[in-house]
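# what's the 3D shape of this:
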Amino acid sequence: MSFGDPNNPYGQQQGGQPPQGQPGYGYPQQAPQGVPQQGYGYPQAPPVQGGYGFPGGPTEMPGGVKAARVMLYVIAGLQVIGTIFVALAAAAVNAAKNDATLQEDVQFQQLADYSGGVLWAIAVFAVLWGVFAVVLAAKFGKGGNGLRVTTIVFGVITAILGIYPFVVMGLVHTILAVLVVVFVAKSDGGAWFNRQQQPQY
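Residues are numbered from 1 along each chain as shown. Purely as a prediction, here's the structure:
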């Protein structure tokens, strides 16, 4: 009985064993030693978690959003400090207006009335703006996209007011406000504010 040419790699070898290094018919292929084995088809994908691109959205507030929240509280604190200074300036103007030597100076009295009124208006605005910052920051945990847009608008207005008219006092406000806008407008901020909200019972 003939087993074919022993030098023919395609012919059946003696003893019925497949040649070394080549898989036999019906035998599964084995990966070389040290090479991780993978199944057929596409490589395995990592398990899906509730991340930014999925309907559930992130379950924990991203670091940038947390930083923006802290900056809003800092802006509110600076508003309080600014209110104190403005109120002291308004009180000083009122005291100067009541000075006996300046009471006959009509121009000064008009300027003092105007300045005092403007300063008190600025003080009230600073308090309200600070309260607004605190309200925005407090809602970061559960707020939706409307809160995100409102925070961006708040940051832009605060940055503009920091540049003009309160250039010296407002420089820190401007920097903080710009950072708030950047952190809230980033993709992870959008994912946080657009995430699916938990139903309220």
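
# give the other helices and strands that the lowest-mean-pLDDT helix or strand in the chain contacts.
Lowest on mean pLDDT, DSSP states H and E among the helices and strands of the chain sits helix 106-138, with a mean of 85. In terms of contacts (3 or more Cβ pairs under 8 Å, 6 or more residues apart in numbering; DSSP states H and E), helix 106-138 is packed against helix 63-97, helix 145-163. To be clear about C-beta, it is placed using only N, CA and C from the backbone, and glycine gets the same treatment.

# so which of those gets nearest Q109?
Among the helices and strands packed on helix 106-138, helix 63-97 comes nearest to Q109, with 6.3 Å by Cβ to Cβ.

# that closest one to helix 106-138, inter-axis angle?
Helix 63-97 runs at 160 degrees relative to helix 106-138, counting by axes from the mean of the first three to the mean of the last three Cα atoms, to 10 degrees.

# in helix 63-97, which residues are buried?
By 16 or more other Cβ atoms under 10 Å, the buried positions in helix 63-97 come out as 64-65, 68-69, 71-72, 74-76, 78-79, 82-83, 86-87, 89-90, 93, 97.

# which other helices and strands contact it?
On a contact count with 3+ Cβ pairs under 8 Å, 6+ apart, helix 63-97 meets helix 106-138, helix 145-163, helix 171-185, helix 187-193.

# what is the burial count for the residue nearest to F132 when sequence neighbours are not counted?
Nearest residue to F132, sequence neighbours excluded (Cβ to Cβ, 6 or more residues apart in numbering): F154, at 6.8 Å. Residues contacting F154 under the criterion other Cβ atoms under 10 Å number 21.

# again, but for V184
29.

# helix, strand or coil for E60?
E60 carries the three-state label coil when classified by DSSP: H, G, I helix; E, B strand; the rest coil.

# hmm, I was thinking of A100
Applying three-state DSSP: A100 is coil.

# ok, E104 next?
Following three-state DSSP, the label given to E104 is coil.

# quick one: closest of the helices and strands packed on helix 63-97 to E60.
Judged by Cβ to Cβ, the one of these that comes nearest to E60 is helix 187-193, at 9.0 Å.

# can you tell me which helices and strands the closest one packs against?
Packing partners of helix 187-193 (3+ Cβ pairs under 8 Å, 6+ apart): helix 63-97, helix 145-163.

# please redo it, this time with the cut-off set to 10 Å
helix 63-97, helix 145-163, helix 171-185 (3 or more Cβ pairs under 10 Å, 6 or more residues apart in numbering; DSSP states H and E).

# average model confidence for the second one?
I take that to be helix 145-163. The average pLDDT within helix 145-163 is 92.
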